[in-house]
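Participant: sequence unavailable; structure follows:
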């Protein structure tokens, strides 16, 4: 137990240290544009399909459940309202982060971890460059930019999925549900979800890279580190989601 | 003999509770080829990595070109790494980049010259390692020996004064071993570089060495020319030279 707590504090310390290094590299000229855009493309843009799939079906299944669940109370016409709130505040950012985290975060660990065990990370330093600048900063920044954008995509698709199923199940018109969603959602709800996206994106990037740089023990070590990353990222997202929601609700109600 | 350009002074290093070096003292002179031998896992590579600041010694001092490596700031380390290059054991080429991009990597980091000059330089160093015209290939398309040679080309691209070789011939077939040994020798002659070679291949040792150093019991047990080594009566060294590695008992 005591050693577990010590490990947690060590991990947090290392991550804070790595974050500080990445922020420092962010402001050092010349800015590594090409590395950052490559990572946005690989980790962000290429995640659009998984995001659309997850958000679309989540919106659909949510409205299915709400439509049936609200019926005994004669409130099924409010399905669209609940679905849009649930998607934009919670499920959009969290599901996107969990899926993209599993996809991209584990990829970061596998790539950097393999580079580490084959001495490529050492080679970067030996050739006069800095692994934090070349590997960590571009990935963390790319995810911090890409995940909120993917969250917006998830919001749109999730609401759209919910809208279609609500129309089919409850028998209201499309305009009715659309108007309801537009009136329900305020700028605060959107910001709530998108800021979660920013923080989850940072967590995915930094945990993926940090675990990659810590990898040792050949290909077996890469496998272990990669699995661990998926667990760490999922836990970090779920726990921080609760904390963030508490904070946002305290501020905006 | 002139003042050594690299000096290990009372260096100690341990990983967890495993002590690798307790009191390492070694001087390397300009222009010589020094090989460091010793059994597997005694930390021969560690001393190369400490020398270019990839690892820090726990105590003691490493001096390179008159400066203490531990005291160097980021700029100082960058400058040091333009003077001392390292060839890693697995060549450590960047998989995501072509041969050309790999070789240009240090050139770009050290602001070596214009893009045109860099292209010429890449061509020239590939020529030096007998692999002209492979700029566009990816590391995955190369054999083990070819990777080592490209790694060597990348190391010499910025014209270092010292080249560190970490097990340059391990895992290669006899033809490639001879080829790499030949390259180390010819670079030595053509560029006048100082070479530090970590190896446990005795053929390599006797082909290229001016002096050899034996790592044993957390320090350097012997330093001298191959002839002196043969005449020396340290049993561990004698067995090593005869090629009895792996069967040695630790309590010699």
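Facilitator: On my side now, so go ahead. Source: prediction; values computed, not measured.

Participant: got a pLDDT number for the spatially most central residue of chain A?
Facilitator: Taking CA atoms, centre = their mean as the criterion, residue A:97 is the residue nearest the geometric centre of chain A, at 2.5 Å. We have a pLDDT of 97 for residue A:97.

Participant: shouldn't residue B:214 be within a strand?
Facilitator: Yes: judged by DSSP: H, G, I helix; E, B strand; the rest coil, residue B:214 forms part of a strand.

Participant: contacting residues around residue B:62?
Facilitator: B:6, B:7, B:8, B:9, B:11, B:50, B:51, B:68, B:69, B:70 (CB atoms under 8 Å, 6 or more residues apart in numbering or on different chains). All C-beta atoms are positioned from the backbone trio N, CA, C, and that covers glycine.

Participant: please read the previous query as pertaining to residue B:90.
Facilitator: Per CB under 8 Å, 6+ apart, neighbours of residue B:90: A:118, A:119, B:147.

Participant: same thing but at 6 Å, please
Facilitator: Residue B:90 makes contacts with residue A:118, as judged by CB atoms under 6 Å, 6 or more residues apart in numbering or on different chains.

Participant: if I look at it, how far off is residue B:157?
Facilitator: According to CB to CB, to the nearest Å, residue B:90 stands 19 Å off from residue B:157.

Participant: with residue A:106 instead?
Facilitator: Residue A:106 sits 34 Å away from residue B:157, taking CB to CB as the criterion.

Participant: what about the two, which has more around it?
Facilitator: Neighbours per residue (other CB atoms under 10 Å in any protein chain shown) separate residue A:106 from residue B:157, with residue B:157 holding more: 25 against 22.

Participant: give me phi/psi at the more buried one?
Facilitator: phi -60, psi -40 (degrees, to the nearest 10).

Participant: what of residue B:169?
Facilitator: When read as degrees, to the nearest 10, the backbone of residue B:169 gives phi -110, psi 0.

Participant: not counting its neighbours along the chain, what's nearest it?
Facilitator: residue B:177 (4.4 Å; CB to CB, 6 or more residues apart in numbering or on different chains).

Participant: now the one you found: which helix or strand?
Facilitator: According to DSSP states H and E, residue B:177 maps onto helix B:174-191.

Participant: which outside residues touch that helix?
Facilitator: B:33, B:145, B:168, B:169, B:195, B:204, B:207, B:208.

Participant: next up, the contacts around the residue nearest to the centre of chain A.
Facilitator: By CB under 6 Å, 6+ apart, the neighbours of residue A:97 are A:200, A:237.

Participant: following the host helix or strand of it, which helix or strand shows up next?
Facilitator: Element membership of residue A:97 [criterion: DSSP H and E] is helix A:92-100. Downstream of helix A:92-100, the next assigned helix or strand under DSSP H and E is helix A:106-117.

Participant: residues in contact with the helix or strand that that following helix is followed by: which ones?
Facilitator: As assigned by DSSP H and E, the chain's next helix or strand after helix A:106-117 is helix A:120-126. The contact list for helix A:120-126 (CB under 6 Å, 6+ apart) reads A:115, A:131, A:134, B:52, B:54, B:86, B:88, B:92, B:94.

Participant: do stretch A:176-187 as well
Facilitator: With contact meaning CB under 6 Å, 6+ apart, stretch A:176-187 is reached by A:80, A:81, A:84, A:88, A:159, A:163, A:166.

Participant: which of the residues you listed ranks first by neighbour count?
Facilitator: residue A:166 (33 neighbours).

Participant: and the strand or helix carrying it, what's buried?
Facilitator: For residue A:166, the host element (DSSP H and E) is helix A:137-170. By neighbour count on 16 or more other CB atoms under 10 Å in any protein chain shown, the buried set for helix A:137-170 is A:137-167, A:169-170.

Participant: what are the ranges of the strands in the stretch 1-150 of chain B?
Facilitator: B:6-15, B:18-28, B:33-37, B:59-64, B:67-68, B:84-87 (DSSP state E, counting those that start in this stretch).

Participant: tell me the angle of the longest one relative to strand B:59-64?
Facilitator: Strand B:18-28 and strand B:59-64 are oriented at 30 degrees to each other (axes from the mean of the first three to the mean of the last three CA atoms, to 10 degrees).

Participant: buried ones in strand B:18-28?
Facilitator: B:20, B:21, B:22, B:24, B:26, B:27, B:28.

Participant: can you check the last one too?
Facilitator: By 16+ other CB under 10 Å, the buried positions in strand B:84-87 come out as B:84, B:85, B:86, B:87.

Participant: what packs against it?
Facilitator: Judged by 3 or more CB pairs under 6 Å, 6 or more residues apart in numbering or on different chains; DSSP states H and E, strand B:84-87 is in contact with helix B:144-156, strand B:162-166.

Participant: could you dump the ones you listed into TSV with distance to residue A:215 and mean neighbour count added?
Facilitator: Below are the helices and strands packed on strand B:84-87 laid out as TSV (distance: least, CB to CB, whole Å; neighbours: other CB atoms under 10 Å in any protein chain shown):
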stretch	distance to residue A:215	mean neighbour count
helix B:144-156	21	24
strand B:162-166	19	24
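
Participant: out of these, nearest to residue A:16?
Facilitator: Closest to residue A:16 of the helices and strands packed on strand B:84-87 is strand B:162-166 (CB to CB; 32.9 Å).

Participant: what ranges of the stretch 1-150 of chain B fall below the confidence cut-off?
Facilitator: Where the stretch 1-150 of chain B drops to pLDDT under 70, the residues are B:1-2.

Participant: which bits of it sit near chain A?
Facilitator: Counting by CB under 6 Å from any CB of the partner chain, the stretch 1-150 of chain B comes close to chain A at B:52, B:54, B:78, B:81, B:86, B:88, B:90, B:92, B:94, B:105-106, B:109-110.

Participant: one more pass at 8 Å, please.
Facilitator: Proximity of the stretch 1-150 of chain B to chain A (CB under 8 Å from any CB of the partner chain) is limited to residues B:49, B:52-54, B:78, B:81-82, B:85-86, B:88-90, B:92-95, B:105-106, B:109-110.

Participant: now those: which count as buried?
Facilitator: Of the residues of the stretch 1-150 of chain B next to chain A, these count as buried by 16+ other CB under 10 Å: B:49, B:52-54, B:78, B:81-82, B:85-86, B:88-90, B:92-94, B:105-106, B:109-110.

Participant: narrow these to those in helices?
Facilitator: Secondary structure assignment by DSSP state H places B:49, B:78, B:81, B:82, B:105, B:106, B:109 of these in helices.

Participant: and those residues as JSON lines, adding distance to residue A:248?
Facilitator: As requested, those are exported to JSON lines (distance: CB to CB, whole Å):
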{"residue": "B:49", "distance to residue A:248": "47"}
{"residue": "B:78", "distance to residue A:248": "44"}
{"residue": "B:81", "distance to residue A:248": "47"}
{"residue": "B:82", "distance to residue A:248": "50"}
{"residue": "B:105", "distance to residue A:248": "44"}
{"residue": "B:106", "distance to residue A:248": "48"}
{"residue": "B:109", "distance to residue A:248": "43"}
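
Participant: up against chain B, what does chain A have?
Facilitator: Residues of chain A found near chain B (CB under 8 Å from any CB) are A:114, A:115, A:118, A:119, A:120, A:122, A:123, A:125, A:126, A:127, A:128, A:129.

Participant: which two of the residues you listed have the greatest separation?
Facilitator: Maximum distance among those (CB to CB): 21.9 Å, for A:114 and A:128.

Participant: who touches stretch B:95-108?
Facilitator: With CB under 8 Å, 6+ apart, stretch B:95-108 has contacts from A:114-115, A:120, A:127-129, B:82, B:85, B:93-94, B:112-113, B:118, B:121-122, B:125-126, B:134-140, B:142, B:150, B:153-154, B:157-158.
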